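> fold the following and give me the result.
(4 chains)
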There are 2 protein chains.
Amino acid sequence: MSLRMALLGVLSAYGSASGYDLTKGFERSVAHAWQAGHSQIYPELAKMTADGLVTVEAEGARGRKIYSITPEGRAELRAWLIGHDPTGPARSEIALQAFLLPLLDPGEALAVLERLKTYAERKLAELEALWAAKHASPVPEGTSGVRFGDLALDLGIRHTRTTLQWVNDAMAQLERRA
Amino acid sequence: MSLRMALLGVLSAYGSASGYDLTKGFERSVAHAWQAGHSQIYPELAKMTADGLVTVEAEGARGRKIYSITPEGRAELRAWLIGHDPTGPARSEIALQAFLLPLLDPGEALAVLERLKTYAERKLAELEALWAAKHASPVPEGTSGVRFGDLALDLGIRHTRTTLQWVNDAMAQLERRA
DNA sequence: GATTGACATGTCAGAACTTACATGTCACCT
DNA sequence: AGGTGACATGTAAGTTCTGACATGTCAATC
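Model prediction:
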């Protein structure tokens, strides 16, 4: 269901887009909130068309199909946003490795943490670059006067910063014991 | 693969356990890092037995099967921890709703944020209770001198606090505009 | 003696997801 | 004219995950 809502949402923000656009859009903007490859997106768009949530507005060059959201699609999205109780992320390999870390001796554990740190630093840089790029050029605003995706991006940046701080503290703690 | 590693890890920490124990253990301790229900755990244990990573050490009352990790299992787990590049969480309904929030008008958006806040508060209370419970009674330490799962739990608590702070700031921002 | 509820293990259908395969268009460069 | 690479859409096989169904044991309560 969530993939559906993500697609409806991005389509709603873009006005109209092709499956290809949506795939790229996912890579760029929604990636930190929801991931999906084209092999998941194309079939889902077909199903959503069958369900009347989106329509093929036009067919462009190179077989390009331009989708747009229907009133039913808009209604479904609204209902989900307002009525659905969301859950936080259920699976994180980082958290899992953190969980299992005490199985290793301090030297090895430190090496694993070092890698987690690299990961977090790279990710933070990516997200901050995205933020900077977004705020350099004007972007459509939503009904609430907030730029589209800004809240989620902010959340992603904060989470990544928290991870980074955690990894630093964990390393310091381990070094104290070694 | 990650489910496998989570099971090997918990088994390694517990010494030995049944599928039922592992299911409960997942609910209690690893839930914030990796989730799995019994319908996933039982078949996976069977496969792991076939692959020689765990063995049925004994069969207890009520058809209870007690598993323990084999040297091969231990090796596999170590190799994964040391060699596998982990990824952060890929999907979060919370982040997705945050992303889509600008589709709603300020009043509705505020209501959604209110719900996210409740979610984060409840989760934080849960995790902190878990922490308190763990630190009230002695728990086996790992090789690195750190209590099992403490690092991951700490990470979970920090992430939840970050989410809570974010939601408060987002609400304040929206209220300023309304 | 019957019922309730935690203990305990499984299967199955369907949904969601990943990875690889497959095909073709169009613009630009050499 | 040929090659490269971004554009563009799909399919298929296999894995993972969810939610529901199914079955039986044992201890304690009523």
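> which stretches in chain A count as strands?
A:16-18, A:54-59, A:65-69 (DSSP state E).
> what's the closest of those to residue B:61?
strand A:54-59 (55.7 Å; Cβ to Cβ). (Glycine included, C-beta is placed from N, CA and C.)
> ok, is the closest one in contact with chain B or not?
No. Strand A:54-59 is not in contact with chain B by Cβ under 8 Å from any Cβ of the partner chain; minimum separation 15.4 Å.
> who are the packing partners of that strand?
Helices and strands touching strand A:54-59, as assessed by 3 or more Cβ pairs under 8 Å, 6 or more residues apart in numbering or on different chains; DSSP states H and E, comprise helix A:2-14, helix A:38-50, strand A:65-69.
> tell me the gap between that strand and the middle of its chain.
25 Å (Cα atoms, centre = their mean, to the nearest Å).
> is DNA strand D within reach of that strand?
No. Against DNA strand D, strand A:54-59 shows no contacts by Cβ under 7 Å from any atom of the strand, the least distance being 8.2 Å.
> that strand to strand A:65-69, inter-axis angle?
When axes from the mean of the first three to the mean of the last three Cα atoms, to 10 degrees is applied, the directions of strand A:54-59 and strand A:65-69 differ by 140 degrees.
> could you check the angle strand A:54-59 makes with helix A:38-50?
Computed by the same axes, to 10 degrees, the angle between strand A:54-59 and helix A:38-50 is 100 degrees.
> export strand A:54-59 as PDB, just CAs?
Extracted in PDB, the C-alpha atoms of strand A:54-59 (Å, rounded to 0.1, in the frame of the first residue of the first chain):
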ATOM      1  CA  VAL A  54      -4.100   7.200 -12.200                       C
ATOM      2  CA  THR A  55      -4.600   7.600 -16.000                       C
ATOM      3  CA  VAL A  56      -2.300   7.700 -19.000                       C
ATOM      4  CA  GLU A  57      -2.700  11.300 -20.000                       C
ATOM      5  CA  ALA A  58      -0.600  11.100 -23.100                       C
ATOM      6  CA  GLU A  59       2.000   9.000 -24.800                       C
END
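> just the residues contacting it, thanks.
A:7-8, A:11, A:16, A:45, A:48-49, A:65-70, A:73 (Cβ atoms under 8 Å, 6 or more residues apart in numbering or on different chains).
> what comes up buried for it?
Residues of strand A:54-59 classed as buried: A:54-55 (neighbour count, 16 or more other Cβ atoms under 10 Å in any protein chain shown).
> just checking: what are the partner strands of it?
strand A:65-69 (antiparallel) (DSSP bridges).
> and chain A, what are its domains?
The record's domain parsing of chain A by automatic domain parsing lists A:2-83, A:93-177.
> between the two ends of the longest one, how far is it?
In other words, domain A:93-177. 25 Å (Cα to Cα, to the nearest Å).
> and it, anywhere near DNA strand C?
No. Applying Cβ under 7 Å from any atom of the strand, one finds domain A:93-177 out of contact with DNA strand C, separated by at least 11.9 Å.
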